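# 3D model of this:
(one chain, ligands or ions: 1)
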Amino acid sequence: MIAGTLAAQIRQNGPLPLPDYMGAVTSAYYAQPNVIGAAGDFITAPEISQVFGELIGLWSAVVWQNMGRPAKVRVIECGPGRGTLMNDFLRAAARAPAFLAAAEVHLVEQSPTLRAAQLALLGNRATWHDTIDGVPAGPMILVGNEFLDALPIRQFQKTASGWMERYVTVDERGNFSFVLKPSEVSDTPAAQPGAIFETSPAVTAFTGKVAARLMKDGGAALLFDYGHRVTAAGETLQALRQHKFCEVFDSPGQCDLTAHVDFAAVAGAARSAGAAVYGAIEQGVWLNRLGIKLRGLQLAKGKSPEIAREIESGIRRLIEPDAMGALFKVIAITDPKLPRPEGFLPEDEP
Ligand code: SAH
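Residues are numbered from 1 along each chain as shown. A predicted model of the protein is given here:
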């Protein structure tokens, strides 16, 4: 369906910018049922261990205290998936009842299917928005896991005559492929002909907006994703279906299309709006500093050996460098008036 729509559009108007293709395909993809989780196409940190969302909830309670305990704080989650992280967040936040009472939950979610899953889990505690722009102004704590990687990217390719941009075209049989078009791009890294360089105007625009809101109304944002700390050439756009990689143009709308996040670009966008930036650091390091192992032991206490092993192996998967601990990073963006947030050290301030 989405493939047919995009093919018709290309035949009529010529090659499509990659961000337009990726945006359309991603919306179609997330509108399908059961994409996240063991039975779906990919599994995420909150689906692996409840401790992930719990620690983020407790982290947020401390941020709220440092904000001067505002009577109302917008707790915003971008791309909440099945709602698991927020559910675990709120359960842990109940240990800080004044924070929980102040928290007004806003979910930024474009998929009607996932909104329904979030509603089933969280009930009417939350309010939904298509974009961050819909969330009313005010002091806020924003979280997101694997949200930025789903936002559209541009790809540039180094050729003998300089950088060109990759657009999406289609053949008579309906197969999509890349085509190069002349383009303007600045701040490109040194690269050999053939090299690919990616940027995400959507990621930097989102980050800039979040940072501007933090400067105006106060608060913090905490974003987790897989990606790199230093801007570099390289192709990271990938498609995933049923836990296996596929080709980028395979079954449009039925594979999860994502790209690694350039955390240097995220940090740069936040800092140019005046916000303070911590990290990005490895997810495993951050979770260890927040005491994930201790929390796992508490959780396992009194449980059957089988459940205890499950809890432990879930936590290991989140923190071990050869699992999700090192590829995944976390970055905090805050109102510079706030103290350094939990889990970050002085050396994590770039
Ligand atoms: N955070 C969840 C889900 C990650 S998948 C987890 O960790 O399990 C990406 C999420 O972002 C999905 O909820 C998807 O519907 C949402 N999403 C992707 N692109 C979006 C966009 N442009 N605007 C709003 N939500 C988007």
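# for the rest of this, base every contact and every neighbour count on C-alpha atoms.
Noted.
# do a quick rundown of the helices in the chain.
2-13, 18-30, 45-48, 50-66, 84-93, 97-102, 112-122, 201-217, 263-272, 283-289, 292-300, 305-319 (DSSP state H).
# how about those in a markdown table, adding distance to the ligand?
Output for the helices of the chain, formatted as a markdown table (distance: least, Cα to the nearest ligand atom, whole Å):
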| stretch | distance to the ligand |
| --- | --- |
| helix 2-13 | 16 |
| helix 18-30 | 5 |
| helix 45-48 | 6 |
| helix 50-66 | 9 |
| helix 84-93 | 7 |
| helix 97-102 | 21 |
| helix 112-122 | 6 |
| helix 201-217 | 9 |
| helix 263-272 | 16 |
| helix 283-289 | 13 |
| helix 292-300 | 17 |
| helix 305-319 | 12 |
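# of those, which is nearest Y167?
helix 18-30 (5.4 Å; Cα to Cα).
# what mean pLDDT does that closest one get?
Taken as a whole, helix 18-30 carries a mean pLDDT of 97.
# what packs against it?
For helix 18-30, the elements it packs on are helix 2-13, strand 154-159, strand 162-170, strand 256-258, judged by 3 or more Cα pairs under 8 Å, 6 or more residues apart in numbering; DSSP states H and E.
# nearest to G219, out of these?
strand 256-258 (28.1 Å).
# is that closest one positioned near the ligand?
No. Judged by Cα under 6 Å from any ligand atom, strand 256-258 makes no contact with the ligand; its nearest approach is 8.8 Å.
# contact partners of stretch 87-99?
For stretch 87-99, the external contacting residues (Cα atoms under 8 Å, 6 or more residues apart in numbering) are 50-58, 61, 64-65, 69, 100, 121-122.
# now do 7 Å
Under the contact criterion Cα atoms under 7 Å, 6 or more residues apart in numbering, stretch 87-99 has outside partners Q50, G53, E54, I56, G57, L58, A61, W64, L100, L122.
# could I get those residues as a markdown table with neighbour count and pLDDT?
Converted to a markdown table, the contacts of stretch 87-99 look like this (neighbours: other Cα atoms under 10 Å; pLDDT from 0 to 100):
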| residue | neighbour count | pLDDT |
| --- | --- | --- |
| Q50 | 21 | 97 |
| G53 | 25 | 98 |
| E54 | 23 | 98 |
| I56 | 21 | 98 |
| G57 | 28 | 98 |
| L58 | 22 | 98 |
| A61 | 25 | 98 |
| W64 | 26 | 98 |
| L100 | 21 | 98 |
| L122 | 17 | 96 |
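# A211: which of those is nearest?
Nearest member of the contacts of stretch 87-99 to A211, counting by Cα to Cα, is W64, at 16.9 Å.
# on that earlier part again, out of the helices and strands packed on helix 18-30, which is the most enclosed?
strand 256-258 (a mean of 25; mean count of other Cα atoms under 10 Å).
# could I get the average pLDDT for that one?
Strand 256-258 comes out at a mean pLDDT of 95.
# who does it pair up with?
In the sheet, strand 256-258 lines up against strand 238-241 (antiparallel) (DSSP bridges).
# do the partner strand and the ligand meet?
No. Judged by Cα under 6 Å from any ligand atom, strand 238-241 stays clear of the ligand, getting no closer than 11.9 Å.
# hang on, the earlier thing: of the helices and strands packed on helix 18-30, which is nearest P136?
Per Cα to Cα, nearest to P136 of these: strand 256-258, 28.5 Å.
# now do that closest one: distance to the chain's middle.
12 Å (Cα atoms, centre = their mean, to the nearest Å).
# can you list contacts of it?
In contact with strand 256-258 (Cα under 7 Å, 6+ apart) are residues T26, Y29, D149, A150, L237, Q238, A239, L240, R241.
# out of the residues you listed, grab the one that's most surrounded.
Greatest neighbour count in the contacts of strand 256-258, by other Cα atoms under 10 Å, goes to T26: 24 neighbours.
# dump the residue contacts of that one.
G253, D256, L257.
# list the beta-bridge partners for the last one.
Listed beta-bridge partners, L257: A239 (assigned using DSSP bridges).
# over to A276?
Counting by DSSP bridges, the residues bridging with A276 are T334.
# isn't it right up against K337?
No. Assessed by Cα atoms under 7 Å, A276 is found out of contact with K337, at 8.6 Å.
# of the two, who's got more company?
The neighbour comparison of A276 against K337 (other Cα under 10 Å) goes to A276, with 24 against 13.
# residues contacting that one?
Contacts of A276 (Cα under 7 Å, 6+ apart): I333, T334, D335, P336.
# read off the pLDDT value for it.
For A276, pLDDT reads 98.
# could you measure from it over to the ligand?
24 Å (Cα to the nearest ligand atom, to the nearest Å).
# without its sequence neighbours, what residue ends up closest to D20?
P152 (7.5 Å; Cα to Cα, 6 or more residues apart in numbering).
# and for that neighbour, the neighbour number?
Neighbours of P152 under the rule other Cα under 10 Å: 24.
# residues in contact with it?
Contacts of P152 (Cα under 7 Å, 6+ apart): P19, M22, G23, S200, A202.
# show me what contacts the residue lying closest to the fourth one once chain neighbours are set aside?
Counting by Cα to Cα, 6+ apart, I153 is the residue found nearest to S200 once chain neighbours are left out, at 4.3 Å. Listed by Cα under 7 Å, 6+ apart, the contact partners of I153 are L18, P19, E198, T199, S200, P201.
# show me the beta-bridge partners of the fourth one.
On the basis of DSSP bridges, T199 is bridged to R154.
# now do the same contact list for it.
I153, R154, Q155.
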